[in-house]
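Participant: A structural model of the following input is requested.
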Amino acid sequence: MGDKETFPNFMYNVLSTSRFFTRNIKENHEEATTSYDYDYGAPCYKTDVKQIAAQLLPPLYSLVFIFGLVGNLLVVLILINCKKLKSMTDIYLLNLAISDLLFLFTLPWWAHHAANEWVLGNAMCKLFTGLYHIGYFGGIFFIILLTMDRYLAIVHAVFALKARTVTFGVVTSVLTWVVAVLASLPGIVFTRSQKEVSDYTCGPYFPPKWKSFQTIMRNILGLVLPLLVMVICYSGILKTLLRCRNEKKKHKAVRLIFAIMIVYFLFWAPYNIILLLSTFQEFFNLSNCESASQLDQAMQVTETLGMTHCCINPVIYAFVGEKFRRYLSVFFRKHIAKRLCKHCPVFYRETADRASSTYTPSTGEQEVSAGL
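Facilitator: The predicted structure is shown next:
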């Protein structure tokens with residue numbers, strides 16, 4: 001970027017931790033609708049991401065919202081009605097689903113804002129921004145807790161018998177939500193609704209030092225910390241599995257949580273990396289026009305990818321979690337199929353058979369170690 005005094009935070013809004021891509025043009029207070037900047041006096045033409053976002057985001061976010069809402073609500077219902085929240089793993093999975101739901105509830109408003117001005121005022125701007133950040137940080141924190149839970153259950157099985165209780169799961173979950181709220185405060189405080197030329201927008205306005213702090217904090221909490229936990233925990237788990245006689249059973253117990261962690265990295269790591277490169281463009285020698293434009297476009301792709309992650313975990317449960325599929329089948333037959341066809345005895349018989357084979361004491365013990 002060229003004139004940093006004239007456009008102090010112009011590119012930051014494109015690559016900040018906010019939710020949508022219309023913000024890449026709003027920090028230029030003199031010409032909020034321009035699609036170009038100036039690099040050493042020469043015009044720097046860029047793709048107008050506002051127009052792209054207006055066409056792409058509403059239908060995409062609508063689909064993500066529908067599938068994510070249905071999937072995560074099913075997870076919540078199964079954990080409460082079928083599994084009865086009998087283990088610490090169940091508590092963490094429930095909170096992970098709640099984190100995704102908080103994130104999902106913001107999507108319709110960002111989709112509307114992508115194509116129109118912000119119409120809900122400053123208070124709602126901060127509220128939905130807060131839900132976005134709390135949902136994001138809460139999600140990664142509970143993925144970390146699930147990874148540590150698998151580590152304790154497999155590597156330190158004796159200690160885990162005393163430590164992995166429902167009470168401990170509830171207490172650590174409450175503390176985790178407190179930490180998620182604290183981590184979200186900078187994004188909430190420095191986000192506001194403001195009139196740009198003729199339209200109101202909702203987005204971040206970070207001072208330079210806070211902008212750097214927010215980016216570093218997000219990369220530490222959302223990239224470095226989970227990567228460190230994953231390396232340490234799964235290294236210990238792998239060593240234990242290699243010595244375990246019943247390796248197949250132990251492998252099933254850890255496969256689901258491993259898949260959740262890996263998918264998180266695939267969806268959110270690109271965004272965090274681009275955010276880091278954007279915030280410190282001069283340090284990475286990326287402040288020229290061509291690099292700024294490429295970062296702008298990369299941000300649009302990576303943030304869109306990250307935003308769709310909130311509907312992925314139920315898909316992982318369905319494909320990886322064998323017991324989740326069984327619970328889902330029982331739930332469907334018991335609460336949906338029977339009501340649609342009240343005079344079909346096959347649903348009553350099969351539901352009873354499946355329920356009796358699922359809710360046995362031995363199966364309950366296996367669920368504590370294997371999760372969904």
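Participant: Strands of this protein, start to end?
Facilitator: 36-39, 42-45, 191-196, 199-204 (DSSP state E).
Participant: Which secondary structure elements does the third one sit against?
Facilitator: Think strand 191-196. Other helices and strands packing on strand 191-196, by 3 or more Cβ pairs under 8 Å, 6 or more residues apart in numbering; DSSP states H and E, are helix 121-155, strand 199-204. For every residue, glycine as well, the C-beta is placed using N, CA and C.
Participant: And for the last one?
Facilitator: Here strand 199-204 is seen to pack against helix 12-15, helix 121-155, strand 191-196 when contacts are counted using 3+ Cβ pairs under 8 Å, 6+ apart.
Participant: Give the buried residues for that strand.
Facilitator: Residues of strand 199-204 classed as buried by neighbour count (16 or more other Cβ atoms under 10 Å): 200-204.
Participant: Greatest separation within those: which pair is it?
Facilitator: 200 and 204 (15.0 Å; Cβ to Cβ).
Participant: one step back: any idea which of the helices and strands packed on strand 191-196 has the lowest pLDDT on average?
Facilitator: Note on those: strand 199-204 shows the lowest mean pLDDT, a mean of 87.
Participant: neighbouring strands for it, and are they parallel or not?
Facilitator: Within its sheet, strand 199-204 is paired with strand 191-196 (antiparallel), according to DSSP bridges.
Participant: Pick the most deeply packed of the helices and strands packed on strand 199-204.
Facilitator: Of all the helices and strands packed on strand 199-204, helix 12-15 carries the top mean neighbour count, a mean of 26, counting by mean count of other Cβ atoms under 10 Å.
Participant: Check the average confidence over that one, would you?
Facilitator: Mean predicted confidence for helix 12-15 is 36.
Participant: what does stretch 331-342 give?
Facilitator: Rounded to a whole number, the mean pLDDT of stretch 331-342 is 70.
Participant: circling back: kindly reformat the helices and strands packed on strand 191-196 as TSV and extend each row with distance to residue 97.
Facilitator: Listed next are those as TSV, based on distance: least, Cβ to Cβ, whole Å:
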stretch	distance to residue 97
helix 121-155	9
strand 199-204	26
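Participant: so which of these gets nearest residue 311?
Facilitator: Using Cβ to Cβ, the helices and strands packed on strand 191-196 put helix 121-155 closest to residue 311, at 12.0 Å.
Participant: In terms of secondary structure, what does the closest one contact?
Facilitator: Counting contacts by 3+ Cβ pairs under 8 Å, 6+ apart, helix 121-155 packs against helix 88-115, helix 157-163, helix 166-189, strand 191-196, strand 199-204, helix 225-243, helix 247-279.
Participant: mind checking which of these is nearest residue 147?
Facilitator: helix 225-243 (5.0 Å).
Participant: Could you give me the buried positions within the closest one?
Facilitator: Result for helix 225-243 [16+ other Cβ under 10 Å]: buried residues 226, 229-230, 233-234, 236-237, 240-241.
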